[in-house]
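Q: Return atomic coordinates for the entry below.
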Amino acid sequence: MPTFADMTTWDEEFRQLQTEFMRGGPARLADIDEALDRLERGTAATLADLKRHFHKLAGAGATYARPQISVLAKDAERRCDELLLVQGQPSRADVAHWHEVRDGLARLFMEGQPANEGAEPPPAVATLHEAPVDSRARLDVLLVDDDPDTRRLLRSVLQHEGIPVREASTSEDARAQIDERLPDGLIVDVRLPDGAGYAVVEYARQKSDSDTLAVLMLSAAGDVLDLAEAIHAGADACYTKPAEIEPAYRKLLQLLERVQADVPRVLVVEDDEFHAAFARRVLESAGYAVDVCSLPRQFSEHMSTFQPELLLMDVNLPEISGYDLARLVRQQEQHAALPIIFLTSEVEMESRIRAAKAGGDEHLTKPVHPALLASAVAARLERARFLKTLLHRDGLTRLLTHASFMEQVQQVIDRRWRTTTGPASLVLLDVDHFKGVNDAHGHQAGDRVLATLAGSLRQHLRRTDIIGRYGGEEFGVLLDHLTPQDARRLIARLLGEFATLDHSAGRDDHFRVTFSAGIAGFEEGYDRHAWIDAADKALYAAKASGRNTVIVSGETAPDR
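A: Below is the predicted model of the structure:
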């Protein structure tokens, strides 16, 4: 397969693909020879196989500016189609014609048929950026620690992974570097010569584009690292140095991979390696993550492991047509809205009708211009992501809907059934006297209270935490790898801040609101309903004790 690791321009890459295509001629001719031999011996299903081989050559010849190859192969493919349509048997004249086409193709491959006279490689899309050789090279980590040994150790392991590293030894230097360029990852010691590391984390989190920032905090043995304070400041995880440097490093890589995981994922279903290479190069240049499935029997595995957001599917595949594969996809509820773009060299209206009936969103004809391919994929992905947001996010708070939140809870439970992964805490929060807020200040004011609380949760919880609108004025929070006691301190801190906020329903109408919260840690044997029920009972206890408090399941003393 062609690789692009040492190339820097689209022209070079296209020329390389052309060269690889021509070098692959003998292997393609061998496939045609085998199909013709089996056809002459009367072996079943060979006419469809022969048609598929000619079809692939017709499309690839057009894609790589080899028009004579494309014309010859297309003529042979058309003759196959005519017989398949009437379910007829090929005559000696048909077989002789295909042999003539095969010999003509062999001459073109042997002569190294020149590209189309005056033809240039299809221009790369102007808005596309060059795909990096290693996507980690785009990442950037800032180490903030006054201990040179710690910095040296972390710098070594990160650079070994190909991740660029910047360093700071004081909070002042760290702020200056954050102002210069916000990093993708931030590792901060809890104690710095000119202040606490918490302030550096808070400073970084206040930046408008810090939503995907991965943050770890470190503390030396003997230093006090307040886990609730660290999470409140914006840390994703906390570790002790030097003993936990290795798990800290692994956690950072995991968080950085989640940053990259937000890149839209496109699965190319194409059995022709050169068509697949062309599509991969165009889409990777556009910034998409691309996976290729060349065998339909492996399609389910690719869907499960890659979890694509769009399918780019060839119509003529071995064993099953792209149309039938699309129908199978549409039968699965979770993929009902998955965009499917068909790629085919067929231009007849019938093929477009079949694509629509199979559930396709668009039908592109080979050879497809890179700009058209990238634009079609971008448009379908944007629409799909918008629909996904409508389905899974609450319109007022932009948090997960009840159903989506419960799905996430179930996934956490499933992981714990498979392996022990540490503590987890489930929190249910309920705004106190919310009906009274609506009655006294109006429903619009009540909506603003809910939106404000949602914003506070998003701001002060980790990116890995799961937050949803459980229903009405009730919210759910799943804090993975956090004990109920640490969760209580964190939620109590949030409650204290929220209770001091002044809400407004007009010029002279100001008021304050509190919430109550119940917390349940995950226990062995819990299913989703048992875990929710434990948190709900703790919330009820918090309400019964006078509200404006946080209670952990199994405890009675409120935390105000």
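Q: then the longest helix along the chain to CSV, C-alphas only?
A: For the chain, the helix that runs over the most residues, judged by DSSP state H, is helix 370-392. Provided in CSV are the C-alpha atoms of helix 370-392 (Å, rounded to 0.1, in the frame of the first residue of the first chain):
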residue,chain,number,x,y,z
PRO,A,370,-11.0,16.0,-3.7
ALA,A,371,-12.7,19.2,-2.9
LEU,A,372,-16.1,17.7,-3.7
LEU,A,373,-15.4,14.6,-1.5
ALA,A,374,-14.2,16.7,1.4
SER,A,375,-17.1,19.1,1.2
ALA,A,376,-19.7,16.3,1.0
VAL,A,377,-18.2,14.6,4.0
ALA,A,378,-18.0,17.9,6.0
ALA,A,379,-21.6,18.8,5.2
ARG,A,380,-23.0,15.4,6.2
LEU,A,381,-20.9,15.3,9.4
GLU,A,382,-22.0,18.7,10.5
ARG,A,383,-25.6,17.9,10.1
ALA,A,384,-25.2,14.5,11.9
ARG,A,385,-23.4,16.1,14.8
PHE,A,386,-26.1,18.7,15.1
LEU,A,387,-28.8,16.0,15.1
LYS,A,388,-26.8,14.1,17.7
THR,A,389,-26.7,17.1,19.9
LEU,A,390,-30.5,17.5,19.6
LEU,A,391,-31.0,13.9,20.6
HIS,A,392,-28.5,13.6,23.4
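Q: Check the offset of it from the chain's centre.
A: Centroid separation for helix 370-392 versus its chain: 13 Å, with Cα atoms, centre = their mean, to the nearest Å.
Q: buried stuff in that helix?
A: Using 16 or more other Cβ atoms under 10 Å as the test for burial, helix 370-392 gives 370-371, 373-374, 376-378, 380-381, 384, 392. No exception for glycine: its C-beta is placed from N, CA and C like everyone else's.
Q: which one of the residues you listed is nearest residue 157?
A: Comparing the buried residues of helix 370-392 against residue 157 with Cβ to Cβ picks out residue 381 as the nearest, at 34.8 Å.
Q: Going along the chain, name the helices of the stretch 251-400 of the chain.
A: 273-285, 299-306, 322-330, 349-357, 370-392 (DSSP state H, counting those that start in this stretch).
Q: and of these, who's closest to residue 552?
A: Using Cβ to Cβ, the helices of the stretch 251-400 of the chain put helix 370-392 closest to residue 552, at 29.4 Å.
Q: can you give me the mean pLDDT across that closest one?
A: Mean pLDDT, computed over helix 370-392, is 84.
Q: out of the helices of the stretch 251-400 of the chain, which comes closest to residue 500?
A: helix 370-392 (31.9 Å).
Q: Just list what that closest one packs against, helices and strands only.
A: helix 273-285, strand 310-314, strand 340-344, strand 362-365 (3 or more Cβ pairs under 8 Å, 6 or more residues apart in numbering; DSSP states H and E).
Q: Can you tell me which of these is most buried?
A: Of all these, strand 310-314 has the most neighbours on average by mean count of other Cβ atoms under 10 Å, namely a mean of 26.
Q: pLDDT (mean, whole number) over it?
A: 93.
Q: ok and that strand relative to strand 340-344, angle-wise?
A: With axes from the mean of the first three to the mean of the last three Cα atoms, to 10 degrees applied, the angle from strand 310-314 to strand 340-344 works out at 20 degrees.
Q: List the strands paired with strand 310-314, with their directions.
A: Strand partners for strand 310-314, identified by DSSP bridges, are recorded as strand 265-269 (parallel), strand 340-344 (parallel).
Q: How is this structure divided into domains?
A: Split into domains by automatic domain parsing, the chain comes to 10-111, 135-261, 265-388, 402-552.
Q: what's the offset of the shortest one from the middle of its chain?
A: What that stands for is domain 10-111. Averaging C-alpha positions (Cα atoms, centre = their mean) puts domain 10-111 38 Å from its chain's average.
Q: could you pull out the strands for the stretch 401-550 of the chain?
A: For the stretch 401-550 of the chain, the strands defined by DSSP state E, counting those that start in this stretch occupy 424-431, 466-471, 474-480, 503-506, 509-511, 515-521, 550-552.
Q: So which of those strands is nearest residue 217?
A: strand 474-480 (16.3 Å).
Q: What helices and strands are in contact with the closest one?
A: Helices and strands in packing contact with strand 474-480 are listed as helix 402-418, strand 424-431, helix 443-460, strand 466-471, helix 484-499; criterion 3+ Cβ pairs under 8 Å, 6+ apart.
Q: Show me what counts as buried in stretch 285-293.
A: 285-286, 288-293.
Q: will you turn these into a markdown table that also has distance to residue 236 and pLDDT?
A: As requested, the buried residues of stretch 285-293 are arranged in a markdown table below (distance: Cβ to Cβ, whole Å; pLDDT from 0 to 100):
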| residue | distance to residue 236 | pLDDT |
| --- | --- | --- |
| 285 | 31 | 81 |
| 286 | 29 | 82 |
| 288 | 26 | 88 |
| 289 | 22 | 89 |
| 290 | 28 | 93 |
| 291 | 27 | 94 |
| 292 | 33 | 94 |
| 293 | 33 | 94 |
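Q: Just flag the most distant two among those residues.
A: Farthest apart among these by Cβ to Cβ are 285 and 293. That separation is 20.4 Å.
Q: of the domains of the chain, which approaches residue 396 most closely?
A: domain 402-552 (5.8 Å).
Q: mean confidence score for that closest one?
A: Here the average pLDDT along domain 402-552 is 92.
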